[in-house]
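Asks: sequence and computational prediction follow.
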Amino acid sequence: MNPKILIIGACGQIGTELTQKLRKLYGTDNVIASDIRKLNTDVVNSGPFEVINALDFNQIEHLVEIHQITDIYLMAALLSATAEKNPAFAWDLNMNSLFHVLNLAKAKKIKKIFWPSSIAVFGPTTPKENTPQYTIMEPSTVYGISKQAGERWCEYYHNIYGVDVRSIRYPGLISWSTPPGGGTTDYAVDIFHKAIADKKYECFLSSQTKMPMMYMDDAIDATINIMKAPAEEIKIHSSYNLAAMSFTPTEIAAEIKKHIPEFEITYNPDFRQKIADSWPASIDDSDARKHWGWNHKFDLESMTKDMLKHLG
């Protein structure tokens with residue numbers, strides 16, 4: 001039996017590619033995409049699509065009932081840099097949308113939830129290198145605070161109500177198919193667009209800011225694989241550390257220069273530098289690898305080649 005899937009926030013950076021992959025896997029009609037507005041995109045045009053406000057419980061419940069949904073992927077959120085500009089709305093969206101789906105699962109109206117967390121749950125007091133699964137967090141951004149609180153609620157709903165909720169802490173995500181979405185790690189997407197169009201890029205982070213990153217193909221695989229894993233393999237119900245590569249703006253620029261020799265990068269750090277400085281430089285994700293067989297495919301070199309091929 002194929003699951004019947006609802007993706008909330010399907011038009012975002014991750015949702016776009018996740019929707020297409022899940023439709024290939026489980027059949028177009030079994031994957032209902034939804035977002036706050038209907039844009040003229042592949043996600044909207046390639047299968048069932050519903051306009052939905054993630055803050056409206058009744059709307060979500062109605063869709064669950066009419067489409068007989070079993071699994072919800074809750075991808076709607078306000079990301080790090082955007083959330084800093086509108087803290088109250090970011091908290092409202094990031095937390096209440098989660099409560100809505102957790103309560104649907106508690107009421108046995110759906111079977112399984114995927115909810116993404118982020119490296120933003122870590123803070124300036126967290127060990128920066130090889131950040132462990134269990135460690136000091138103390139996030140310093142609205143986004144990070146909402147994700148850390150969300151992790152605690154996911155674990156609580158699992159422990160108290162038996163809700164099957166699965167989560168991974170995404171590092172910075174790099175994709176060719178959607179534009180940057182307001183995150184601090186999004187320089188690593190923008191740099192490719194500017195390298196091709198202008199042969200130069202002004203980076204909003206300093207040259208040696210090292211952060212954990214992942215190519216979108218790997219992130220989508222991880223998302224689908226954790227949801228496919230047997231329940232007994234999922235031993236962490238807050239959120240799993242996830243990693244693939246870590247690099248600095250200098251290192252990604254050097255990799256791009258191998259393909260576009262005239263490419264130049266300059267640095268002009270802004271408010272996002274402080275956010276980046278509060279995050280890990282590298283992540284220990286051995287639990288995800290051990291428990292449900294996570295394994296990444298792309299490193300900096302292969303990702304750069306693939307990005308330039310698709311964008312060029």
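Replies: Arrived safely, thanks for sending.

Asks: which secondary structure state does the residue lying closest to residue 204 once chain neighbours are set aside sit in?
Replies: Closest residue to residue 204 in three dimensions, ignoring its sequence neighbours and counting by CB to CB, 6 or more residues apart in numbering: residue 270, at 4.7 Å. Heads up, the C-betas are built off the backbone N, CA and C, glycines and all. Following DSSP: H, G, I helix; E, B strand; the rest coil, the label given to residue 270 is coil.

Asks: what's the neighbour count on residue 270?
Replies: Residues lying near residue 270 (other CB atoms under 10 Å) number 11.

Asks: before we move on, what about residue 271?
Replies: 11.

Asks: hmm, residue 84 and it touching each other?
Replies: Yes - applying CB atoms under 8 Å as the test, residue 271 and residue 84 come out as touching, 7.2 Å apart.

Asks: ramachandran coordinates for the residue nearest to residue 204?
Replies: Main-chain torsions, residue 270, degrees, to the nearest 10: phi -120, psi -160.

Asks: now residue 140: phi and psi?
Replies: Phi and psi for residue 140, reported as degrees, to the nearest 10, are phi -110, psi 10.

Asks: please name the residues that touch it.
Replies: Taking CB atoms under 8 Å, 6 or more residues apart in numbering, we find residue 140 in contact with 123-124, 275, 278.

Asks: show me which of these is closest to residue 110.
Replies: residue 123 (32.4 Å; CB to CB).

Asks: so who does the closest one touch?
Replies: Contacts here follow CB under 8 Å, 6+ apart; on that basis residue 123 touches 136-140, 144, 278.

Asks: one more: residue 138?
Replies: Here residue 138 is in contact with 123-126 (CB under 8 Å, 6+ apart).

Asks: contact partners of the helix or strand encompassing residue 143?
Replies: Using DSSP states H and E, residue 143 sits in helix 142-161. The list of residues contacting helix 142-161 from outside it, by CB under 8 Å, 6+ apart, reads 77-80, 83-84, 87, 90-91, 94-95, 98-99, 102, 105-106, 113, 115, 117-118, 120-123, 137, 139, 163-165, 167, 169, 237-239, 278.

Asks: in strands only, show me those.
Replies: Taking DSSP state E, the ones among those that sit in strands are 113, 117-118, 164-165, 169.

Asks: does residue 265 belong to a helix, a strand or coil?
Replies: Following three-state DSSP, we place residue 265 in the strand state.

Asks: that one and residue 45: what is the separation?
Replies: Here the criterion is CB to CB, to the nearest Å. By it, residue 265 lies 37 Å from residue 45.

Asks: and for residue 218?
Replies: 26 Å.

Asks: and those two? which has more neighbours close in?
Replies: Neighbours per residue (other CB under 10 Å) separate residue 218 from residue 45, with residue 218 holding more: 23 against 10.

Asks: skipping adjacent residues, who's closest to that one in space?
Replies: residue 296 (4.6 Å).

Asks: where's the one you found relative to residue 254, distance?
Replies: From residue 296 across to residue 254, the span is 21 Å (CB to CB).

Asks: ditto for residue 32
Replies: According to CB to CB, residue 32 and residue 254 sit 43 Å apart.

Asks: go on, residue 223?
Replies: 30 Å.

Asks: so which of the two has more stuff around it?
Replies: Set residue 223 next to residue 254 and count neighbours by other CB under 10 Å: residue 223 wins out with 24 against 15.

Asks: dump the residue contacts of residue 182.
Replies: 78-82.

Asks: inside helices: which ones of these?
Replies: With helices defined by DSSP state H, the entries of the contacts of residue 182 inside them are 80-82.

Asks: quick one: contacts for residue 46?
Replies: Counting by CB under 8 Å, 6+ apart, residue 46 makes contact with 19-20, 23, 28.

Asks: let's see that with 10 Å instead.
Replies: Contacts for residue 46 were tallied using CB atoms under 10 Å, 6 or more residues apart in numbering; they are 19-20, 23, 28, 31, 33.

Asks: just the buried members of those?
Replies: Neighbour-count burial (16 or more other CB atoms under 10 Å) applied to these gives 19-20, 23, 31, 33.

Asks: turn these into a markdown table, columns for distance to residue 149, pLDDT and secondary structure.
Replies: Formatted as a markdown table, these follow (distance: CB to CB, whole Å; pLDDT from 0 to 100; DSSP: H, G, I helix; E, B strand; the rest coil):
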| residue | distance to residue 149 | pLDDT | secondary structure |
| --- | --- | --- | --- |
| 19 | 27 | 97 | helix |
| 20 | 31 | 95 | helix |
| 23 | 32 | 97 | helix |
| 31 | 29 | 98 | strand |
| 33 | 27 | 97 | strand |
